[in-house]
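Chemist: How does the following fold in three dimensions:
(chains A, B, C and D, ligands or ions: 4)
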Protein chains: 2
Amino acid sequence: MDITFENLKQELKKKNIGLSYQRLKVLEYLIQNRCHPTVEQIFTELQKDIPTLSKTTIYNTLRILAEADLVKVINIEEKEARYDIDTKDHGHFKCESCGAIFDFPIDIDSLIPEDLSKFKINDKNVYFKGLCPGCLYNNN
Amino acid sequence: MDITFENLKQELKKKNIGLSYQRLKVLEYLIQNRCHPTVEQIFTELQKDIPTLSKTTIYNTLRILAEADLVKVINIEEKEARYDIDTKDHGHFKCESCGAIFDFPIDIDSLIPEDLSKFKINDKNVYFKGLCPGCLYNNN
DNA sequence: ATACAAATTTGTAATCATTACAATGCTATT
DNA sequence: AATAGCATTGTAATGATTACAAATTTGTAT
Ligand SMILES: [Mn+2]
Ligand SMILES: [Mn+2]
Ligand SMILES: [Zn+2]
Ligand SMILES: [Zn+2]
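Modeler: Ligands and ions are numbered 1, 2, ... in the order given. Model prediction:
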């Protein structure tokens, strides 16, 4: 299923999640900004459209979308959570110099060990950290 | 290199990290408690031996040990960090019911994609979440 | 041993992302 | 219009972590 605004709206309806203006704006923002934004970034941008917007609404909306598996929470940093509209399995690389978070493909299922055969796996995360090509080229 | 108290002491000396009583106690605790403890757990236990112990000392010590690559910080939970004396690559599985964190082997290097060939990878983390066999057996 | 400087610990206050909660506003149905 | 249920808003509370300065300990030179 493609990640389009219309498809996601259908998903919300299917899961009985109200299509409020704020929620749709958060979804729209995540579709257009695939840089794994923080709550702060989403809030600051949407506030321009919705002057009365509350940060609590961003938190509430993201929690609801995450519970419905429509967004994925990325806890690659110790402090601030980041959000990803792409819920398909993929790895995340955080550059320790510029802070950017890059996606990369990884076939994690191919090497889940026998040790976990009796576990029920609900969530898989692969987080790498280091330096991105741009920062490697520029720095010292 | 084996994870023994004496070996780790040598590592500290080699890296010019003072062998204070508090630091050695934290190391000793991590060697004996492989359950990926929190700062709170380490502090509460060591306070029995060192009545004047400060939680700040635990934070300072763990930061220094992590910077020296003698412990690994596990950020599998959104809130509290956990600490692992085993710095070799391995995966972590957190049971969402009982909260226990399990180690599992994973050969992550075997499937690092071509996409990352121009990145410098300093840190690799694999975090799974779900239900452990014990909780699967007991619960609903 | 004594004196001194550097390293380490300690306690307290600040930080800051996130959550709790109650009041307000909005929407749909009758 | 009245009602009920849902969603948003603003403010206060929470809690892990960090900042910081004072006190203590440690190592070293005399
Ligand atoms: Mn992503
Ligand atoms: Mn481990
Ligand atoms: Zn970079
Ligand atoms: Zn369990």
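Chemist: Bridged to the spatially most central residue of chain A, which residues?
Modeler: Centroid-nearest residue in chain A, with CA atoms, centre = their mean: A:Asp84, separated by 1.6 Å. Per DSSP bridges, the residues bridged to A:Asp84 are A:Lys72.
Chemist: Tell me who's in contact with it.
Modeler: The contact partners of A:Asp84, by CB atoms under 8 Å, 6 or more residues apart in numbering or on different chains, come to A:30, A:34, A:36, A:71-74. Every residue, glycine included, has its C-beta placed from N, CA and C.
Chemist: what's the helix or strand hosting A:Ile58 in contact with?
Modeler: A:Ile58 belongs to helix A:55-67 when assigned by DSSP states H and E. The contact list for helix A:55-67 (CB under 8 Å, 6+ apart) reads A:17, A:22-23, A:26-27, A:39, A:42-43, A:46, A:71-73, A:83.
Chemist: For A:Gly99, state which of the contacts of A:Asp84 is nearest.
Modeler: A:Gly99 has its nearest neighbour among those in A:His36, at 10.5 Å by CB to CB.
Chemist: My read is that the closest one contacts A:Lys94, right?
Modeler: No. Using CB atoms under 8 Å, A:His36 is not in contact with A:Lys94, being 9.1 Å away.
Chemist: any common contacting residues for those two?
Modeler: Common neighbours of A:His36 and A:Lys94, using CB under 8 Å, 6+ apart, are A:Ile101.
Chemist: mind listing what the closest residue to DNA strand C within chain A touches?
Modeler: Minimum separation of chain A from DNA strand C (CB to the nearest atom of the strand) falls at A:Ala81, amounting to 3.3 Å. Residues in contact with A:Ala81 (CB under 8 Å, 6+ apart) are A:38-39, A:73-75, B:78.
Chemist: so can I have a markdown table of the residues you listed showing secondary structure, distance to DNA strand D and pLDDT?
Modeler: As requested, those are exported to a markdown table (DSSP: H, G, I helix; E, B strand; the rest coil; distance: CB to the nearest atom of the strand, whole Å; pLDDT from 0 to 100):
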| residue | secondary structure | distance to DNA strand D | pLDDT |
| --- | --- | --- | --- |
| A:Thr38 | strand | 15 | 97 |
| A:Val39 | helix | 12 | 98 |
| A:Val73 | strand | 17 | 97 |
| A:Ile74 | strand | 17 | 97 |
| A:Asn75 | coil | 12 | 96 |
| B:Glu78 | coil | 10 | 84 |
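Chemist: between the lengthiest strand in chain A and strand B:120-131, how many degrees?
Modeler: Taking DSSP state E as the assignment, the strand of chain A that covers the most residues is strand A:120-131. For strand A:120-131 against strand B:120-131, the angle by axes from the mean of the first three to the mean of the last three CA atoms, to 10 degrees is 160 degrees.
Chemist: what's strand A:120-131 in contact with?
Modeler: Contacts for strand A:120-131 (CB under 8 Å, 6+ apart): A:74-76, A:89-97, A:104, A:106, A:108, A:112, A:139, B:93, B:96, B:108, B:116, B:119-131, B:136.
Chemist: just the buried members of the residues you listed?
Modeler: A:74-76, A:91-95, A:104, A:106, A:108, A:112, B:93, B:108, B:116, B:119, B:124-131 (16 or more other CB atoms under 10 Å in any protein chain shown).
Chemist: Give me the contact status of stretch A:34-51 with DNA strand C.
Modeler: Yes. Counting by CB under 7 Å from any atom of the strand, DNA strand C has neighbours in stretch A:34-51: A:38-40.
Chemist: among those, which ones are buried?
Modeler: When those are checked for burial by 16+ other CB under 10 Å, the buried set is A:38-39.
Chemist: check whether stretch A:85-98 contacts DNA strand D.
Modeler: No. If you take CB under 7 Å from any atom of the strand as the test, stretch A:85-98 misses DNA strand D, and the best it gets is 14.3 Å.
Chemist: could you check whether that stretch is close to ligand 3?
Modeler: Yes. Residues of stretch A:85-98 are located near ligand 3 by CB under 5 Å from the ion, namely A:95, A:97-98.
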